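Peer 1: Quick one: sequence plus predicted model below, questions after.
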Amino acid sequence: MFRYVLRTAAFAALYLAATVAGLATAGSASGVRLLWPAAVAGALWLVAQGRYGRRNLDVIALSVVAVLAPGSDGGLLHSFVQAVPQVVPALLFAWLFDRRLPGYWLGHGDRFRRTGPALARLAGVAAIAGLSAAALLKVVNTDLGFGEAGYVVVRDATALVLTVLVARVVRRLVTRRGAEPADRPRLTVVR
């Protein structure tokens, strides 16, 4: 349980740092930022912690961190409303990702998966999450134009796909580096 709490705190710090980084980028008049890494941080938080079986606690923690994150100037109720377009797409991505590509995050079952269909499923899941973020942002912010909402879909979906692919490559490199080469003979001592 202690390791779970430490991982949750690390993901919360990552989410807050991603929010600050996103707020530092240029934004439109309606508040759409050029980059929004908090969407990726929230989704990956729920995906990475999903295998521990406490997703409900992770959603609560993400919700609290999203409400407390900087950037909302309208008070507590406004912070709650602004947290919805952050948490719901992350939860939707994590749930669909686990349903459509089980074990993909950890590289499980890769030898049985064809690359093309797996990438198509990943892109579809990311597009649905981006679409939900844009729809919720449009409900929360009536000043948001349809062009900006489309940009949110493309921005978030692209960021999610690229981040998952980069995480898989990094995981594969780390796994290969730790494995022993098969061609090197092993020495065994018999007593």
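Peer 2: Everything's here; your move.
Peer 1: average pLDDT for the helix ranked longest in the chain?
Peer 2: In terms of residue count, the longest helix belonging to the chain (DSSP state H) is helix 146-178. Here helix 146-178 scores 89 as its mean pLDDT.
Peer 1: Would you mind writing the CA trace of stretch 163-179 as PDB?
Peer 2: C-alpha atoms of stretch 163-179 as PDB (Å, rounded to 0.1, in the frame of the first residue of the first chain):
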ATOM      1  CA  THR A 163       3.200   9.100 -25.500                       C
ATOM      2  CA  VAL A 164       2.000   5.500 -25.400                       C
ATOM      3  CA  LEU A 165       4.300   4.600 -28.300                       C
ATOM      4  CA  VAL A 166       7.300   6.300 -26.700                       C
ATOM      5  CA  ALA A 167       6.600   4.600 -23.400                       C
ATOM      6  CA  ARG A 168       6.500   1.200 -25.200                       C
ATOM      7  CA  VAL A 169       9.800   1.900 -26.900                       C
ATOM      8  CA  VAL A 170      11.400   3.000 -23.700                       C
ATOM      9  CA  ARG A 171      10.100  -0.100 -21.900                       C
ATOM     10  CA  ARG A 172      11.400  -2.300 -24.600                       C
ATOM     11  CA  LEU A 173      14.800  -0.700 -24.500                       C
ATOM     12  CA  VAL A 174      15.000  -1.000 -20.700                       C
ATOM     13  CA  THR A 175      13.900  -4.700 -20.800                       C
ATOM     14  CA  ARG A 176      16.500  -5.500 -23.500                       C
ATOM     15  CA  ARG A 177      19.200  -3.800 -21.600                       C
ATOM     16  CA  GLY A 178      18.500  -5.900 -18.500                       C
ATOM     17  CA  ALA A 179      18.300  -9.200 -20.300                       C
END
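Peer 1: okay, the angle between the host helix or strand of residue 99 and helix 146-178?
Peer 2: Per DSSP states H and E, residue 99 falls inside helix 76-100. Inter-element angle recorded for helix 76-100 and helix 146-178: 50 degrees (by axes from the mean of the first three to the mean of the last three C-alpha atoms, to 10 degrees).
Peer 1: from the middle of its chain, how far away would helix 76-100 be?
Peer 2: 10 Å (C-alpha atoms, centre = their mean, to the nearest Å).
Peer 1: Which elements pack onto that helix?
Peer 2: Secondary-structure packing of helix 76-100 (3 or more C-beta pairs under 8 Å, 6 or more residues apart in numbering; DSSP states H and E): helix 37-49, helix 55-68, helix 115-140, helix 146-178. For glycine as for every other residue, the C-beta is placed from the backbone atoms N, C-alpha and C.
Peer 1: Figure out which of the ones you listed is closest to residue 105.
Peer 2: helix 37-49 (5.6 Å; C-beta to C-beta).
Peer 1: what's the average pLDDT for the closest one?
Peer 2: Rounded mean pLDDT across helix 37-49 is 92.
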